[in-house]
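Peer 1: Would you be able to build a 3D model of this:
(one chain, ligands or ions: 1)
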Amino acid sequence: MVKTFSALASHKKILSKKLVKDIKKIVKFAYAPYSGISVAAGIYCASGNTYIGINVENSSYSLTVCAERTALFRALSDGERKFLLLLVYSPQVDFIVPCGACLQVLSEFAPDLMIVTMNKNEEFKFYPIKTLITQPFKIARRKS
Ligand code: THU
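Peer 2: Predicted coordinates:
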């Protein structure tokens, strides 16, 4: 069992903003006809901007993209590069935690990200990403 961490005042402030409202609103747009598990995620950037995303499944199951990566890719596409907190929510899964693939992708851009998961009652659990993925795969960048 991974230990949970307590929220800093800065985290509470972020969560009191519209991020919670936004992901509860968009979770209905999740495209999950195969699993029936709708997920929404929101990423809070150092710029103060937030980006939200949903899971998108496919009849070729392995092509599914999780909500966390949708949110991250939206932010990256807007030029964001510094991320402070990711909030994830599913009405079907109590305190959903990002899968290993998403943790790998998130840790490439945000090795110090705070991951927050929320249940239906808007209660939160906090996990620094390093507690969920201790050894992300890395390759040294080539010098060009
Ligand atoms: N899923 C997410 O979007 N995020 C997670 O944290 C775990 C799982 C999605 C993928 C798939 O569409 C469905 O939930 C069931 O695995």
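
Peer 1: so who does the spatially most central residue of the chain touch?
Peer 2: Taking CA atoms, centre = their mean, the centroid of the chain lies closest to residue 68, which sits 3.8 Å from it. With contact taken as CB atoms under 8 Å, 6 or more residues apart in numbering, residue 68 is in contact with 39, 41, 43, 53, 86, 88, 98, 102, 105, 106. (Glycine included, C-beta is placed from N, CA and C.)

Peer 1: top of those residues by neighbour count?
Peer 2: residue 41 (31 neighbours; other CB atoms under 10 Å).

Peer 1: next SSE after the host helix or strand of it?
Peer 2: In the assignment (DSSP states H and E), residue 41 maps to strand 40-45. Using DSSP H and E, the helix or strand that follows strand 40-45 towards the C-terminus is strand 50-54.

Peer 1: distance between that following strand and the chain's centre?
Peer 2: Computed by CA atoms, centre = their mean, to the nearest Å, the chain-centroid distance of strand 50-54 equals 8 Å.

Peer 1: Kindly calculate the angle that it makes with strand 40-45.
Peer 2: Here strand 50-54 runs at 160 degrees with respect to strand 40-45, directions being taken by axes from the mean of the first three to the mean of the last three CA atoms, to 10 degrees.

Peer 1: quick one: contacts for residue 104?
Peer 2: Residues in contact with residue 104 (CB under 8 Å, 6+ apart) are 133, 136, 137.
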